[in-house]
Every structure is written in C-alpha cells, then in structure tokens.
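[1] Following is a predicted model, sequence given first.
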Amino acid sequence: MTIQEIYNLAINKGIEADFRGRDAVEKLLQRKKDKYEKLSEKEKEEFDLESLKNPYSDTRILHIAEDKEIKKILIGVDIEPAEVLLAKEIGGVDLIISHHPLGKGLANLHEVMGMQCDILSKEGVPINIAEGLMKERISEVARGVNGANHQRTVDAAKLLGLNLACFHTVCDNLAANLLKEEIHKANPERVEELIEILKEIPEYKEALKIGAGPKIFVGNKENRCGKIVVTEITGGTEGSPKLYEKMADAGIGTVIGMHMSEEHKKEAEAANINVIIAGHMSSDSLGMNLFLDELEKQGIEIVPCSGLIRVSRN
Ligand SMILES: [Fe+2]
C-alpha cells in the first residue's frame, strides 16, 4: 500500500466507526465545502483543503520523504524525535505513524472536538447545551496547543528522510465503537461487572500487569451503572467539566473514559455520575490495533513502540 492508501483507509475506517454515522459526517463535509466555495481567493489560499475530504483535523500525512510501497511501519502512541531516530536505527522503516497528533494535526486538534456535541446529543444532552458548553472548552484547547513546538518531530523526520503521519481520532473512533459494542452485549448492572468486562479486553488485561488497568475514578464497585455511555474515548481530548451535571439530567449514570483531570472528576462526583477510566495507553492501543489489523492483513510489518500494546486480532 502507498502512504495515501493507508491514510484513505484510516479515514474510511474512522468514519465507519464514527458515532455520528456516515451520513452525518458526509453532511458536515458538504457544509464545509459550501462554506469554502463562498470564501474569497485570499481566504481559499489559507484554507486547509484536506479538511474538505477528511473530517478529522488530528489525522494527517505530515511528511512524505519518499512515496514508496509501505512494507514496514514503526508506530507508537507518542512519536518524538527519539522515535524517529529509533526508526533510523532499526532500519527498513517505510513509514512512522504517531497516534497523538503532531504538526498541523496538533495545531488543529481542537477542530475535531465538535463531534463530542453530536455524540452527547445522541445520548440525550440537548445539542444547544452541548454546543454552548463545548464552545468554551474548544477555544481553551485551541489556546493550549497554540504554543506547542508543533513541527519538532516533523522536522526530525524531514532531516532523516523518513515518512511521517499521525492518526488520532480515526483510531479512537474504533476503540469507542468496540467498547460500546462489548458493553451493550454484556449489559452490566453494577460497576464491578463493568470493570470485569473491560478486563477481558486484551489491551486492558496487559495494562493491568503494569498497574495501568481500568480504574473507578468516581463511584464504587457496588454502584448500579444506570445508563452507560462511551462519550470520552473519542473526540480529540477531554470535553467541558460543566457537562456532567447536564449528562446526569439527561439520564446518564456511568461514563467510560481514557483519562480524566481532577477538575472533571470533581464535577462528575458532584453530579453522581460513576466514572470508569479504562486507561490511556491501553485505550489508545485498542483503537490503533483495530486499524493495524487491517494493515497487517495487507502484509505490512508492524513495529510497535512508545506505549503501544500491540495485540493482533487477525
Ligand atoms: Fe491519547
């Protein structure tokens, strides 16, 4: 496969697993195209054309040093110049993939967060409330990533002549989708049963061995789950802490997340929502693995690094 084919496959898989549904995603892309058409020539020049085809701002090809057949990939949760050097040292790596966004994928990370409004609205939170509360949080994230050294790793890849891409939300969508399916299938009554379901997933089982297994952040194992939602696995990064009260009002009882700040935890606690933190590297690994299985089927060799717990389901 070429880099472009791998990238296209990632976007397609991401849309397939998107909680909003393919039609809603296509509608958003069309809306963006209509807006683009109305821009002035100068504005069009500054516009990220890729965003007309790819609904995930944090998923991009970052550097193509040599457009060749990809046979071996080095992939990790975080790729920094150290991992780029690793790729060189290992040798024969045709493409490096970072899960967490880099370059323009990082600079525009906040743009993907809008999808959280749609996901919350599907779970019963009124769209106007979700949009109102997320707006503030999205601008906070935009300011937060603004000062980052976005191109550091991209520059390292350029210097060493290596291909580089980052696939973030596309993979997180795959993880969220699998979790939702597994939880719905098992339909746990209490938090302890929910934890047991998560522990059956190989990535979490592995994480457990190093003390990073699923944890109850808010609530206790005896608690009834009520309505369980997977609203915090995908959508860029953490949403607004003010949402928990609205989620409780919407009838949500338990939230599954990857990681959670203290501020968010306090708000969830005040709203009496149980929070199960499945684990960060393990949840990221789950989504990446589901995508990597597709590449493996095409005969591509996968070299996991930087926190990726590689599990093949092929
Ligand atoms: Fe992550």
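    Received, thanks.

[2] From now on I want contacts and neighbour counts done on CA atoms only, so please keep to that.
    Fine.

[3] and residue 301, bridged to which residues?
    Following DSSP bridges, residue 301 is listed with bridge partners residue 72.

[4] From what I see, it and residue 75 are in contact.
    No. Using C-alpha atoms under 8 Å as the test, residue 301 is too far from residue 75 to be in contact (10.5 Å).

[5] So which of the two has more stuff around it?
    residue 75 (28 against 17; other C-alpha atoms under 10 Å).

[6] Setting aside sequence neighbours, what's the nearest residue to the more buried one?
    residue 97 (4.7 Å; C-alpha to C-alpha, 6 or more residues apart in numbering).

[7] three-state assignment of the one you found?
    strand (DSSP: H, G, I helix; E, B strand; the rest coil).

[8] wouldn't residue 297 be in contact with residue 313 here?
    No. Using C-alpha under 8 Å, residue 297 is not in contact with residue 313, being 10.4 Å away.

[9] hey, what's the closest residue to residue 305 other than its chain neighbours bridged with?
    With C-alpha to C-alpha, 6+ apart as the criterion, residue 305 has its nearest non-adjacent residue at 4.6 Å, and that residue is residue 76. Going by DSSP bridges, residue 76 is paired in beta bridges with residue 98, residue 305.

[10] picking that back up, how many other residues sit next to the residue nearest to residue 75?
    24.

[11] Quickly note the distance from it to residue 261.
    From residue 97 across to residue 261, the span is 27 Å (C-alpha to C-alpha, to the nearest Å).

[12] What residues does residue 314 make contact with?
    Going by C-alpha atoms under 8 Å, 6 or more residues apart in numbering, residue 314 touches 293, 297.

[13] Check what contacts the lengthiest helix in the chain and list those residues.
    Secondary structure assigned by DSSP state H gives helix 127-146 as the longest helix of the chain. Contact with helix 127-146 is made by 106-111, 113-114, 117-118, 120-121, 239-240, 242-243, 246, as judged by C-alpha under 8 Å, 6+ apart.

[14] and the helix or strand that it is followed by, which residues are buried?
    Next helix or strand after helix 127-146 toward the C-terminus (DSSP states H and E): helix 152-160. Neighbour counts over helix 152-160 (16 or more other C-alpha atoms under 10 Å) mark 153-158 as buried.

[15] Neighbouring strands of the helix or strand just after helix 152-160 in the sheet, and parallel or not?
    Sequence-wise, the next helix or strand downstream of helix 152-160 (DSSP H and E) is strand 164-166. In the sheet, strand 164-166 lines up against strand 60-63 (antiparallel), strand 95-98 (parallel) (DSSP bridges).

[16] Now do the buried residues in the first one.
    Along strand 60-63, these residues count as buried under the neighbour rule (16+ other C-alpha under 10 Å): 60-63.
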